[in-house]
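K.L.:
Quick one, what's the 3D model for this:
(one chain, ligands or ions: 1)
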Amino acid sequence: MSLREPLHRRTLIKILLLITGVSGVIFFALNMSRGLYVLGTVELIVAAYSLLLYRVVSRTEHLDKWILAYLIPFLTTMMFALAQPGASDTIFVWVFLIPQISYLLTGVGRGFVITAFYLFTAACIFLYRFYSSGVISPVSVANIVICAVAIWSFAHHYEHGRERYSRKLLHFAERDSLTGLLNRMRLAELVESEIRNARARQQSVAIVLLDLDYFKTVNDRYGHPAGDEALIFTAEKLQSVVRRTDYIFRLGGEEFCILLPGADLNAGREVAESARRALEQGDFHIGELDVPFTGSFGVAVSGRDGDSLIDLYHAADQRLYAAKHAGRNRVVSDEMELMFSVAEPAD
Ligand SMILES: Nc1nc2c(ncn2[C@@H]2O[C@H](COP(=O)(O)OP(=O)(O)OP(=O)(O)O)[C@@H](O)[C@H]2O)c(=O)[nH]1
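P.N.:
Numbers count the residues shown, from 1 in each chain. All right, here's what the predicted structure looks like:
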C-alpha cells in the first residue's frame with residue numbers, strides 16, 4: 001500500500017458505509033410505518049448503495065473517486081430528507097457530521113467546498129422550514145450557527161495540520177537527508193509505475209546507475225565532511241543534466257540512480273555521458289583546493305533488459321561493474337561494450 005494514501009480514509013469510509021447502510025434500513029422501516037413512502041424508499045436505496053460500496057472500497061485502488069461517489073449522493077439525500085415537511089426535526093443533527101466527514105474523507109481543499117455547499121443548503125432548508133414560521137428563536141439560530149461554525153473550524157484546522165504533518169513525514173521517508181534526492185524506497189515505487197505508463201504509450205524507460213570512483217580517497221584525504229560536500233555537489237551536477245520529468249535517487253553511500261521515463265537506450269546513454277562529463281569537468285573545491293573526482297555509469301532500458309526493477313537494476317549494475325573494471329570514468333550501456341570492457345580493461 002502506498003504511503004501516499006491517507007490510511008484512515010479507507011477505514012473511515014467503511015465505518016460510514018456500515019452506519020448509513022444499517023441506519024438506512026432502520027429509517028426505511030420507520031418512515032414506511034409513518035406513511036413517508038418516498039423518503040422511506042430513498043433511505044432504502046441509499047442503504048443498498050452503501051452496502052454495495054462497502055465491498056468496492058475494501059479493495060479499490062481509486063479510493064478518492066469512490067469516496068466522492070458515496071459522499072455526494074449521501075449528502076444530497078440528507079438535504080432531500082431535511083426538506084421533507086413530515087421528517088422529524090431532529091434529523092437536522094446529521095448536518096453537524098458534514099464538516100467532519102467531508103474533511104476527513106476528502107482533505108482540506110475538497111472538504112472546504114463540500115462543507116460550504118451543503119452547510120449553506122442545510123441552513124436555507126432550516127430557515128425555510130422553521131424560522132419563517134416563528135418556531136425557532138434568534139437565540140436558537142445563533143446557538144446552532146455558532147456550533148456548526150466551531151465544528152467546521154475544528155475539522156478544517158485538524159485536517160490542515162494533519163496534511164502538513166504527513167507531507168513532512170513523507171518527505172523524510174522518501175528522501176535522502178544529505179542530498180535531498182529521492183531514496184531507494186521511492187525507486188521501487190516509481191520504476192514499476194513508470195514502466196507501466198511507458199508500456200501503455202509504447203515507450204521505454206531507461207535507468208542510469210552511477211558509482212563515484214575512488215571515493216574512499218576523497219574521504220581519507222580531505223575528511224568525511226568534505227566527502228559529504230562532494231556527494232551534495234554530485235547531486236547538483238546530476239540535477240543539471242536531467243529533464244524536470246526525470247528522477248534522481250541516492251541509493252546509499254556514493255551510489256546514485258537516474259530514472260528517465262520515456263527514454264530509449266540512446267537517450268539514457270546521452271544523459272549518462274552528460275553526467276559523466278559534468279562530474280569530470282566539475283570544479284569541486286575544498287577551500288582553495290581543487291578536488292577532482294569522477295564516476296562510472298551503467299545504463300539499462302526497459303523492454304530490452306527486462307520489465308521489472310530487478311531486471312533493470314541487475315543489467316545496469318552489471319554494466320556499472322564493467323565500467324569500473326574497464327578503468328572507471330566511463331559509461332557502459334550494452335552487452336558488446338560489456339564484453340569488450342571486461343575482456344580489455346583499460347588499466
Ligand atoms: N562522506 C561520506 N562518505 C560516504 C558516505 N557513504 C559512504 N561513504 C564512503 O564512500 C566510500 C566508498 O568506498 P568504496 O566502496 O571502497 O568505493 P570507492 O573508494 O569509491 O572505490 P570504487 O567504487 O571501486 O571506485 C567509503 O569510504 C565510505 O565511507 C557518506 O554519506 N558520506
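K.L.:
immediately after the longest helix seen in the chain, which helix or strand?
P.N.:
Determined from DSSP state H, the single longest helix within the chain is helix 138-174. Downstream of helix 138-174, the first helix or strand assigned by DSSP states H and E is helix 184-200.
K.L.:
Just checking, which helix or strand of this structure averages the lowest pLDDT?
P.N.:
Lowest mean confidence among the helices and strands of the chain (mean pLDDT, DSSP states H and E): helix 335-343, at a mean of 59.
K.L.:
ok, now how distant is G327 from E280?
P.N.:
Noted for G327: a distance of 13 Å to E280, by C-beta to C-beta, to the nearest Å. For the C-beta atoms, the positions are set from N, CA and C on the backbone; glycine is no exception.
K.L.:
And L17, by the same measure?
P.N.:
For L17 relative to E280 (C-beta to C-beta), the value is 60 Å.
K.L.:
neighbour-wise, which of these two wins?
P.N.:
Neighbours per residue (other C-beta atoms under 10 Å) separate L17 from E280, with L17 holding more: 24 against 14.
K.L.:
Skip the chain neighbours and tell me the closest residue to the residue of the chain found nearest the ligand.
P.N.:
Across the chain, the shortest distance to the ligand (C-beta to the nearest ligand atom) belongs to G227, at 2.5 Å. Nearest residue to G227, sequence neighbours excluded (C-beta to C-beta, 6 or more residues apart in numbering): N219, at 4.1 Å.
K.L.:
Give me the neighbour count for the one you found.
P.N.:
Per other C-beta under 10 Å, the neighbour tally for N219 reads 15.
K.L.:
Helices along the stretch 1-150 of the chain, start to end?
P.N.:
For the stretch 1-150 of the chain, the helices defined by DSSP state H, counting those that start in this stretch cover 7-33, 37-59, 63-83, 97-126, 138-174.
K.L.:
So which of those is nearest Q203?
P.N.:
In terms of C-beta to C-beta, the element of the helices of the stretch 1-150 of the chain nearest to Q203 is helix 138-174, at 24.8 Å.
K.L.:
What helices and strands are in contact with the closest one?
P.N.:
For helix 138-174, the packing partners by 3 or more C-beta pairs under 8 Å, 6 or more residues apart in numbering; DSSP states H and E come out as helix 97-126, helix 184-200.
K.L.:
what angle do it and helix 7-33 make?
P.N.:
Taking axes from the mean of the first three to the mean of the last three C-alpha atoms, to 10 degrees, one finds that helix 138-174 is oriented at 150 degrees with respect to helix 7-33.
K.L.:
model confidence over helix 138-174, on average?
P.N.:
The pLDDT scores in helix 138-174 average 92.
K.L.:
State whether K237 is indeed within a helix.
P.N.:
Yes: K237 forms part of a helix when assessed by DSSP: H, G, I helix; E, B strand; the rest coil.
K.L.:
Next to the ligand, which bits of this protein? Give me the list.
P.N.:
Contact residues (C-beta under 6 Å from any ligand atom) of the chain with the ligand: 178, 211-216, 219, 224, 227-228, 231, 253-254, 324, 328.
K.L.:
rewinding a little: from the helices of the stretch 1-150 of the chain, which stretch is densest packed?
P.N.:
helix 97-126 (a mean of 19; mean count of other C-beta atoms under 10 Å).
K.L.:
Which neighbouring elements make contact with it?
P.N.:
For helix 97-126, the helices and strands in contact under the criterion 3+ C-beta pairs under 8 Å, 6+ apart are helix 7-33, helix 63-83, helix 138-174.
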